[in-house]
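Student: Here is a sequence with its predicted model. Questions after.
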Amino acid sequence: MRLSNNLMYQSQINKILDNQQGVAGALERANTGQKYLSTSENPAAISQGMLYTNKIETNEQLTKNIKQLNGRLSTEESILKGMNDTILEAQMLTIRAGNGSLGQSDLASVASELKELQKSLLNLMNSQSEGGKYLFSGYQDDIQTYTFNSTNGKYEYQGDQGQHEVTIAKGVEIKSSDNGFNVFERVDARLDVVSNDGAPSGGITAGTVYVENQGEFDRFHKDNYNSDPDPLISPTINTYNVNVIPGATPSAPDQYEILRDGNPLVPPVTGEVTDEPIEFAGMEIQLEGVAPGQLDFTLEKPGKENVLNTLEDLITSLNDEQLDGAQINQALSDGLIQLKNASEQIVFTQAGLGGRMNVVERVTDSNSALDINNQDNRASLIEIDPAAAISELAKQEAGLDRSMATFGRLAKLSLFDYL
Amino acid sequence: MSFNLLNIANSGIRANSELLQTTSKNIANVNTEGYVRERTEFTTMIDNQVGRGQTYRLLNEFAQKQLNRDTSNKSFFDQFVSEASRVDQIFSEKSNSLSTSINSMFNNVQEALNQPSSTVARSLVMSDAQNLIDQMDRLAGIVSEQKAVVNEQLEIFSEEANTLIESISSLNQEIAGVHGTNNEADASSAYNERDKAIRDLSKLIDIETLDGPNGEKQVFMGTGEAVVMQNGSFNLFSISGDPDTSFKELRLDVNGGKAVPLDIDPTKLKGKIGGLLAFRDDILVPAQNQIGQMGIALADSFNQQNRLGMDANGELGGDIFNIPTVSGYAYQANTGTAAIKATIEAGKGSELPASDFVITYTGNPNEVSIQPIDNKGEPLGTASLATIPPSGIIDSAAITSGESFGLELNVTGAGNAGDQFQVKLNSGAAGNISLTTGRGEDIALASPIRTADGLDNTGTGSISPGNVTDVTTGSFSNPLDLANGPISIVKTANANEYQLTDGNGTTTFTVTPPANNILAQAGAPYDGYGFDFNIEGVPATGDTFNLEFNEGGFDDNRNGQKLADLQNTDLVRQNVVASASADNHKTLNQAYAGLVTDVGVVTSQAKTNGAAFDALAQQSEAWYESLSGVNLDEEAANLLRFQQSYAASAQVLTAARAIFDTLLSAAR
């Protein structure tokens, strides 16, 4: 084909321009480490790379969240451990107070020791974060967790049942706090009857009802306590009556029957009244007076008591010189069982905490594995290998060199030079 | 004989000097653009004299037409690629990435969640939200600047095209004057200039040429409209925007604007003008719409979730982002007085597609149709119908058929049947979303309700934290509290039966296990409170559960968790038309990646096509040049050859003279 001068020069120059662009591009790639300079070079890889970048950026925050969460959980763990130790110590003291050989002054000194333990528990329960926020107040972290109400002499929980959650992986939200309600309030109080003295009537002038076998009583209470709010149900459904009638003959001993709200139990519970207390469902019932008559006692509604109030009651009882042995024993039983329950609740919380810390640890591992994967995938998609970048640059430079050399050759040739 | 010899020599010298002249003309014009190589040819006359020379342009008409066509295609892609690459590069730049801003904002939301009562973390969220809008603003700004540049360029190109059309027409007349006369050879420059003008015009738009009777060339657009006609008449381009004056369209004014202008299909224009319009329609418009759509989807969903929570002042959350209202563009042909303003209906941000809309008054009184249109103005899917309520506000409630597309239109004035408006909510919103507040305290991280298990519960049942879905039902009072007071639920002795007490009285009801959404199961009026909760586990008879206003609950981050979840929620609608089962929504990050990819794909396709047409254009140029181009080596050879034949002719003259002298001296 016939070539025109124009065309020859134009195509040569175009080649040089193309090669220059190639060199500039390769240079840019080598400098920035990017495989592609614009999306259009490989839209699929770039969009994939962007999604990996998103994951990496999100993961950075999750890693921060994990650090924060770990800090909180371990703070809480150490507080709970301290509390548990304190409660165990209080339990030992309570057991010591049950030693019948202690005199009033010994009991008072136990009480004052318990007072110190109570203070340190209060302090731990009102723990604050580094930012001055109360750890166990639920959502209301500005409010002191426990305060003493001087009107009723009780320590009262001021927070709510909120639990703060922290996201540590997509879809994995871990509770970063436990509220005082779950840890301290939800401690079962010892099950008991409403009044140890009962309500005597008729010939029965007085009586006492004491729980002596707590395990048996607990079972009985759980099986029989009726908490149905239905107004049609008798309000005294949880009242039991010890009905005493004279024996068939004057010489025969008095007979008793235990009724529930006036109705016989199934099977009926009857017996002879002797000097020994009547034993019924772990309770020991003492009666005074003559038949016929009746002693009513009522099952206490199942309740909760926090460790501060348990200790407060115990201290009050130990300091009270008016109480007789049985009453002190009741107070000690209350204290022992409730301290045990409080400790169990804390151990239970610690177990949950440990479980959460395990999850966090696993997620930390999987997060960092994911992160490495993501970085790796992104690199293989949109980042250039330095060796490849340099060799590409050399290749482009060689191309430019060649086209410049050939241009020179061509430009030098002209027939006019030979005329 | 010698007389004849003289004549022959004379004609030889004349002919050879003419040849030399043509050769030197060719050499001189080697760098002249549009110059067509010429050749002079002679025939033998009677008496063996050299006849009259004929100089003509060496031109292959087919090659020329092919070249024009390929030039149009090449310049279309050149223009498109050079414009698109800029946007492509801008969107590829990591520092411009909207994703980074989105991630950073949501990361800070998480940070605030970790310490909800920290004002520092909260204000970081606000400053990142500001950054995000700024980033959106910047990207949308770049895009709308490009749009302005396109408008200006379009203006320049159409003027250029008009100048070329006029000059082709006047050169045609000049050529008609000399065509077929002896002066034709001298007028070759007019031919060259005209052909160059045609080639230049083909760079701007796609054209076809047709040879006229007098050497004239008639020029038509690729789509058939006549541009240059016989006898010097021609049509010119004009630019106008209807209804959006900043969105220019190309028109052809037939007969100097005396007749109705023809609308030109921009997709078939090709050339630089076509490239510019395609760039605007395929890249700028979708990009701007998608940025705006993402902004609206994010702002609306963030606002909605924030409203369901309680802020750090103990009040119900308000809007964080301000979504702008845009005016609809009225078409010039409208006869009514109606005007339309558009914004997003609260809570419907994820129903908005990334398209513009045409609102048309139908023949029925107070009825309008809402038609989404694509970037070329073609309808997408079927139009919805809506009745304008007395308030003038058309939202999802006013729709009679189809869907509202998330729009809330405010109509004022009265429209006549056929009146049309174009609503460009997405592009209008792209750069105009703002923060309603700069205070971090206004982020509602807490939930306004909290729940509690009764202290003395003996069963394993527990109440879930509760979920707020609506705060506008009147169940919240001002200052913030529960209007009906706290709710207390007691398990009765009957299976699945509960007793509920609050300010509305007491009711006993049976729930269907599992005990989810207790209030909904309790029936009216409780099911309309706008919040609900579940009871999990097995409650014992007499166990109580409570729900109360979350007073002082500033460490609560439940609503904040939901705000943070928006990052992974499918918020951005993809297509106007999709089957019910299709996954028609994407997350913000996916949507942005999609936008960048779309720009990249379109650019990359154009680059590939551009390279193909570049090669084609080079080939046809080679074909054209192979005949019409000047080769200096060839001309050098010709020069030598014609020099020699000139010298020879001169020698003939000398010989003739010598013969004549010899004859004279012999006769003396």
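Tutor: Yep, that arrived.

Student: Grab the nearest non-local neighbour of residue B:304.
Tutor: Spatially, and ignoring its direct neighbours in sequence, residue B:304 is nearest to residue B:347 (4.9 Å; Cβ to Cβ, 6 or more residues apart in numbering or on different chains). (Glycine included, C-beta is placed from N, CA and C.)

Student: Give me the pLDDT value at the one you found.
Tutor: As predicted, residue B:347 sits at a pLDDT of 90.

Student: same check, this time on the one 4 residues further on
Tutor: Reading off the confidence values, residue B:351 has pLDDT 91.

Student: For it, which non-adjacent residue is spatially closest?
Tutor: Nearest to residue B:351 is residue B:406, by Cβ to Cβ, 6+ apart, at 3.6 Å.

Student: The one you found contacts residue B:344, doesn't it?
Tutor: Yes - counting by Cβ atoms under 8 Å, residue B:406 touches residue B:344, with 5.6 Å between them.

Student: Need the overlap of contacts for these two.
Tutor: Shared contacts of residue B:406 and residue B:344, defined by Cβ atoms under 8 Å, 6 or more residues apart in numbering or on different chains, comprise residue B:352.

Student: And those two? Which one has more around it.
Tutor: Taking neighbours as other Cβ atoms under 10 Å in any protein chain shown, residue B:406 and residue B:344 compare with residue B:344 leading, 27 against 24.

Student: returning to what we had before: hang on, the residue nearest to residue B:304 packs against residue B:306?
Tutor: No - judged on Cβ under 8 Å, residue B:347 makes no contact with residue B:306 at a distance of 11.9 Å.

Student: which helices and strands does whatever helix or strand residue A:389 lives in pack with?
Tutor: Per DSSP states H and E, residue A:389 falls inside helix A:386-412. If contacts are counted by 3 or more Cβ pairs under 8 Å, 6 or more residues apart in numbering or on different chains; DSSP states H and E, helix A:386-412 sits against helix A:5-32.

Student: How about the helix it packs on and chain B, any contact?
Tutor: Yes - counting by Cβ under 8 Å from any Cβ of the partner chain, chain B has neighbours in helix A:5-32: A:5, A:6, A:7, A:11.

Student: any chance of the residues you listed in JSON lines, plus neighbour count and pLDDT?
Tutor: JSON lines is the format used below for those (neighbours: other Cβ atoms under 10 Å in any protein chain shown; pLDDT from 0 to 100):
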{"residue": "A:5", "neighbour count": "19", "pLDDT": "87"}
{"residue": "A:6", "neighbour count": "19", "pLDDT": "87"}
{"residue": "A:7", "neighbour count": "19", "pLDDT": "87"}
{"residue": "A:11", "neighbour count": "15", "pLDDT": "87"}
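
Student: mind listing what the closest residue to chain B within the stretch 101-250 of chain A touches?
Tutor: Distances between the stretch 101-250 of chain A and chain B by Cβ to the nearest Cβ are smallest at residue A:227, namely 2.8 Å. Contacts for residue A:227 (Cβ under 8 Å, 6+ apart) come out as A:301, A:302, B:458, B:540, B:541, B:542.

Student: okay, who's weakest in those residues by pLDDT?
Tutor: Note: of these, the lowest pLDDT belongs to residue B:458, at 83.

Student: OK, contacts around residue B:508?
Tutor: Neighbours of residue B:508 in contact, by Cβ under 8 Å, 6+ apart: B:492, B:497, B:498, B:499, B:500.

Student: will you turn those residues into TSV that also has neighbour count?
Tutor: Formatted as TSV, the contacts of residue B:508 follow (neighbours: other Cβ atoms under 10 Å in any protein chain shown):
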residue	neighbour count
B:492	17
B:497	15
B:498	23
B:499	16
B:500	22
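
Student: Out of those, which are close to chain A?
Tutor: The subset of the contacts of residue B:508 within reach of chain A, by Cβ under 8 Å from any Cβ, is B:492, B:499.

Student: Considering the contacts of residue B:508, which is situated nearest to residue B:105?
Tutor: Checking the contacts of residue B:508 against residue B:105 with Cβ to Cβ, the nearest one is residue B:500 at 40.6 Å.

Student: Doesn't that closest one lie inside a strand?
Tutor: Yes - judged by DSSP: H, G, I helix; E, B strand; the rest coil, residue B:500 forms part of a strand.

Student: Report the separation between it and chain A.
Tutor: Going from residue B:500 to chain A by Cβ to the nearest Cβ, to the nearest Å gives 12 Å.

Student: so that residue makes contact with residue B:522?
Tutor: Yes - counting by Cβ under 8 Å, residue B:500 touches residue B:522, with 5.5 Å between them.

Student: Overlap of the contact sets of the two?
Tutor: B:507, B:509.

Student: hmm, back to that, next, format the contacts of residue B:508 as TSV and append pLDDT.
Tutor: Output for the contacts of residue B:508, formatted as TSV (pLDDT from 0 to 100):
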residue	pLDDT
B:492	88
B:497	90
B:498	91
B:499	90
B:500	91
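
Student: Could you dump the contacts of residue B:508 into CSV with distance to residue B:663 added?
Tutor: Formatted as CSV, the contacts of residue B:508 follow (distance: Cβ to Cβ, whole Å):
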residue, distance to residue B:663
B:492, 153
B:497, 150
B:498, 146
B:499, 151
B:500, 145
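
Student: What residues sit buried inside the helix holding residue A:389?
Tutor: Using 16 or more other Cβ atoms under 10 Å in any protein chain shown as the burial criterion, the residues of helix A:386-412 that qualify are A:389, A:392, A:393, A:396, A:399, A:400, A:403, A:407.
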